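Engineer: Need a 3D model of the following:
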Amino acid sequence: MRRWIGLAGWPSVFASLTSLATLIGLSLLLRELPASEAGSLALLLSLSDILSLLALLGGGTVITRLYAAAGPGVFDWRRDLAQTAAYAAPLVALCTMGLALLYGFIPSSALYLLTVTFLATLLAAASAMLNSQGHHASAAVLLRAPNAFLLVPGLLALFYRPEISLLVVLLAHLTATAFSLFIATMVLLRTLPIGPQGISRSQRLSGMAFLASSVTDLLPEQGLIAVAGRILPLNQVAAFAAVAVLTRPFRLLRNVLAMILAPDLVRFRRSSYRRLLAGIWGLALACGLAAAILVPPIATQFYGARYQEAMTWIPYLSLAGVLLIAVVPPRADLGVRAPIRFVNRFALTYFLAMMGSLTLTVLGMQLWGAVFLGIAVVLLQLTETGVAYTFWLGFRQSEKRSATE
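Structural biologist: Residues are numbered from 1 along each chain as shown. Predicted structure coming up:
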């Protein structure tokens with residue numbers, strides 16, 4: 001356990017620092033930009049996150065599994081990266097055209113979404129290659145660096161407000177994404193030998209199960225912002241994004257816990273998970289209570305009277321954060337120990353359940369407007385928790401039956 005904590009230590013530190021930079025930068029931009037531009041920024045960033053995961057087709061997990069098992073010098077990472085670009089380009093182009101028509105984006109916003117999504121897809125693939133060979137810190141930093149760079153325009157907006165516009169912010173984010181991809185490629189050239197094999201089409205298609213799971217993981221925040229951007233005024237989208245970004249430490253804590261817990265569950269078999277669940281749920285409830293108490297005064301002090309309507313959503317976001325952390329044990333255990341067919345069934349059920357909850361969210365926002373946003377956050381997170389615990393308990397029962405036979 002100490003070894004795994006040591007391995008996860010530096011990546012967790014770097015991930016925490018870049019996540020903190022993202023939180024501060026995005027919060028400053030949401031405070032300083034005009035409300036309509038702040039809403040557009042939150043919407044474009046959310047759509048880019050979702051679309052880049054979709055364009056990767058679950059390839060990040062496939063790359064990690066194949067490259068880690070084979071070791072260095074087996075796969076031709078340059079060919080695999082080029083094929084990723086070939087698969088992603090038409091999908092990104094078609095989705096961007098559809099989203100531009102759906103949301104009525106101006107040409108500059110549509111061009112930004114097209115370019116940054118394509119580059120982010122390649123960056124995610126390159127980071128997965130680095131991570132598979134043990135370069136965890138580099139992968140963690142490079143993957144998060146473009147969003148962390150939002151701190152620069154955020155600080156500029158704080159001190160030079162008239163000169164910073166949405167276009168300037170988008171150009172800065174796009175430049176940071178391109179530069180991060182360049183650095184990732186240079187690191188790969190120096191550290192990963194070129195091998196004879198390439199990822200086959202059938203192996204790429206095997207990532208669809210992981211795609212369904214990873215895309216639906218974004219729905220409680222980015223997906224909700226994307227849906228709200230189509231239904232609600234942009235100033236209300238900005239308000240929701242402004243308080244949602246303050247609860248992102250929940251997601252960071254979840255990622256760190258999953259990074260540490262997953263290998264531990266493989267190496268140390270447990271006959272009972274009661275103590276583990278009690279500890280995780282206790283931590284989750286403590287964090288949720290702290291968020292419910294501390295975030296409102298922080299938001300009021302930071303944003304002033306700008307987003308007062310968003311304060312009513314903070315208790316819902318805190319409750320969703322509790323569920324976000326509490327779902328780590330079943331998700332981690334299923335991911336590392338359950339048979340692949342069982343994982344595929346879980347991913348499909350999870351995807352369908354989340355789509356059902358998202359449909360209810362759309363109906364709720366059309367009927368009750370922004371008031372329904374807080375309920376929607378809890379509904380989406382409760383769906384993940386319910387599906388994960390249902391499948392996990394079934395998996396545990398099957399293990400017990402096999403042990404007694």
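
Engineer: low-scoring pLDDT stretches of the stretch 251-400 of the chain, where are they?
Structural biologist: 259-260, 262-264, 266-270, 336 (pLDDT under 70).

Engineer: Nearest residue to the middle of this structure?
Structural biologist: Closest residue to the average C-alpha location of the chain: Leu218 at 5.3 Å, with CA atoms, centre = their mean.

Engineer: That one contacts Ile50, doesn't it?
Structural biologist: Yes - using CB atoms under 8 Å, Leu218 is in contact with Ile50, at 5.5 Å. Using the backbone N, CA and C atoms, a C-beta is placed for each residue, glycine as well.

Engineer: Count the residues that sit near Thr361.
Structural biologist: 25 (other CB atoms under 10 Å).

Engineer: Poorly predicted segments of the stretch 51-200 of the chain, please.
Structural biologist: Along the stretch 51-200 of the chain, segments meeting pLDDT under 70 span 161-162.

Engineer: in the stretch 251-400 of the chain, which spans are helices?
Structural biologist: All helices of the stretch 251-400 of the chain, identified by DSSP state H, counting those that start in this stretch, fall at 274-303, 314-326, 328-337, 340-368, 373-404.

Engineer: show me the contacts for Ala320.
Structural biologist: 220, 247, 250, 377-378, 380-381 (CB atoms under 8 Å, 6 or more residues apart in numbering).

Engineer: Out of the residues you listed, flag the one nearest to Leu294.
Structural biologist: Thr247 (10.6 Å; CB to CB).

Engineer: Setting the sequence-adjacent residues aside, check what's closest to the closest one.
Structural biologist: Of all residues beyond its chain neighbours, the one nearest Thr247 is Leu317 (4.6 Å), with distances taken as CB to CB, 6 or more residues apart in numbering.

Engineer: gap between the one you found and Leu44?
Structural biologist: 21 Å (CB to CB, to the nearest Å).

Engineer: Give me the distance between the residue nearest to Ile199 when sequence neighbours are not counted and Leu348.
Structural biologist: Closest residue to Ile199 apart from its sequence neighbours, by CB to CB, 6+ apart: Asp80 at 5.0 Å. Applying CB to CB, the value for Asp80 to Leu348 is 26 Å.

Engineer: So between the two, which is more surrounded?
Structural biologist: Ranked by neighbour count (other CB under 10 Å), Asp80 and Leu348 place Asp80 first, with 23 against 14.

Engineer: surely the more buried one meets Leu66?
Structural biologist: No - the pair Asp80 / Leu66 is not scored as a contact, 9.1 Å apart, by CB under 8 Å.

Engineer: Which residues are in contact with each of the two?
Structural biologist: Joint contacts of Asp80 and Leu66 (CB under 8 Å, 6+ apart) are Ile199.

Engineer: tell me the contacts of the nearest residue to Arg345 once chain neighbours are set aside?
Structural biologist: Nearest residue to Arg345, sequence neighbours excluded (CB to CB, 6+ apart): Phe391, at 7.5 Å. Applying CB under 8 Å, 6+ apart, we find Phe391 in contact with 330, 334, 342, 345-346, 349.

Engineer: Of those residues, grab the buried ones for ChimeraX.
Structural biologist: The buried residues among these can be selected in ChimeraX (16 or more other CB atoms under 10 Å) with this line:
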select :330,334,346
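
Engineer: Check the contacts of Phe391 and tell me the two furthest apart.
Structural biologist: Of all pairs in the contacts of Phe391, the most separated under CB to CB is Pro330 and Arg345 at 14.2 Å.

Engineer: for the stretch 51-200 of the chain, what spans make up the helices?
Structural biologist: 59-70, 77-103, 107-132, 136-148, 151-159, 166-191.

Engineer: just checking, what packs against the longest one?
Structural biologist: This points to helix 77-103. Here helix 77-103 touches helix 35-56, helix 59-70, helix 107-132, helix 224-231, going by 3 or more CB pairs under 8 Å, 6 or more residues apart in numbering; DSSP states H and E.

Engineer: Which of those helices sits closest to Arg254?
Structural biologist: helix 35-56 (16.1 Å).

Engineer: in that closest one, what's buried?
Structural biologist: 35, 37-56.

Engineer: quick one on the thing from earlier: need the contact list for the residue nearest to the centre of the chain.
Structural biologist: So Leu218 contacts 46, 49-50, 53 (CB under 8 Å, 6+ apart).

Engineer: which one in those is the model shakiest on?
Structural biologist: Sorting those by pLDDT puts Leu53 at the bottom of the list (88).

Engineer: give the contact list for it.
Structural biologist: 124, 211, 214-215, 218.

Engineer: 6 Å instead?
Structural biologist: 214-215 (CB atoms under 6 Å, 6 or more residues apart in numbering).
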